[in-house]
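Chemist: I'll drop the sequence and a predicted model, then ask my questions.
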Amino acid sequence: MSINSKQQVKCPKCGNISDITVWHSITVGDSRDLKEDLLHGRVNIFRCPECDQTGLMPTPILYHDERERLMLSFSPCADPIEASRQYDKIRKSSKESGELERLKEYNLRFITDFNALLEKILIFDAGLNDKAVEVIKLMILSQEIDKSEQRICRFGKKDGGALEFMVHDTIENQIYTSSVPVESYDTIWKSLLESGVKPYSFDWETVDGAYATRLLNGFNN
Ligand SMILES: [Zn+2]
């Protein structure tokens, strides 16, 4: 069930107080529109009616797509230690409440970055698995290894026979696109499955660049 609440927010720039509807839970089956709003940056984004200041509300969102068997737990958090604490908390509560038992053959992802949340939705909507996509992103970034630290790669879309990625260079402030044939994805995904990577989750998982690095170093899941 999609759940929201009304909150009063004080603008950090001009101090104006305004009301905002904050979403805590989004169930795609309830509302396609809400999902579209999320993907277009209209959910939990504060916009001050006085001065146009914008910002993301620091509110966790649970995203559930029953048809795709996908559940994304978004906890906005930039501090890795706090993120790890939040991750342990959700794993513990899902286990104790019996929720994990009910989510068989689901993909369960724990996410702390808002753009990564939107990216995951696009990846699964395109019929892809993010484990293989994260490996491809590492490969794209490793093409210019000396700049890989300053670059962020995100999946954009599946366009015919190609997967399109956006590479944002945070130092040069440039955005590049990079295209990868779907066959390359298929080959990588097949070899990951053969090496023991599971196409669904047994517990909440964090699937990011660090995860892909561990996979390439020979650890499964
Ligand atoms: Zn303002």
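Modeler: On my side now, so go ahead.
Chemist: all helices of the chain, in order?
Modeler: Taking DSSP state H to define them, one finds helices in the chain at 32-39, 80-96, 99-102, 114-125, 130-141, 182-194, 209-216.
Chemist: which elements pack onto the fifth one?
Modeler: By that I understand helix 130-141. helix 114-125, strand 151-159, strand 162-169, strand 174-181, helix 182-194, helix 209-216 (3 or more Cβ pairs under 8 Å, 6 or more residues apart in numbering; DSSP states H and E). Bear in mind the C-beta positions are built from the backbone N, C-alpha and C, glycine included.
Chemist: what packs against the fourth one?
Modeler: Which is strand 174-181. helix 130-141, strand 162-169.
Chemist: dump these into TSV; add mean neighbour count as well.
Modeler: Listed next are the helices and strands packed on strand 174-181 as TSV, based on neighbours: other Cβ atoms under 10 Å:
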stretch	mean neighbour count
helix 130-141	22
strand 162-169	17
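Chemist: and of these, who's closest to Ile3?
Modeler: helix 130-141 (25.2 Å; Cβ to Cβ).
Chemist: let me see the mean pLDDT of that closest one.
Modeler: The average pLDDT for helix 130-141 rounds to 97.
Chemist: let the chain start at 30 from now.
Modeler: All set: I'll call the first residue 30, so the last point we hit is now helix 159-170.
Chemist: and stretch 144-163, what's buried?
Modeler: 145-155, 157-163 (16 or more other Cβ atoms under 10 Å).
Chemist: ends of stretch 213-233, how far apart?
Modeler: Distance across stretch 213-233, first residue to last, is 27 Å (Cα to Cα, to the nearest Å).
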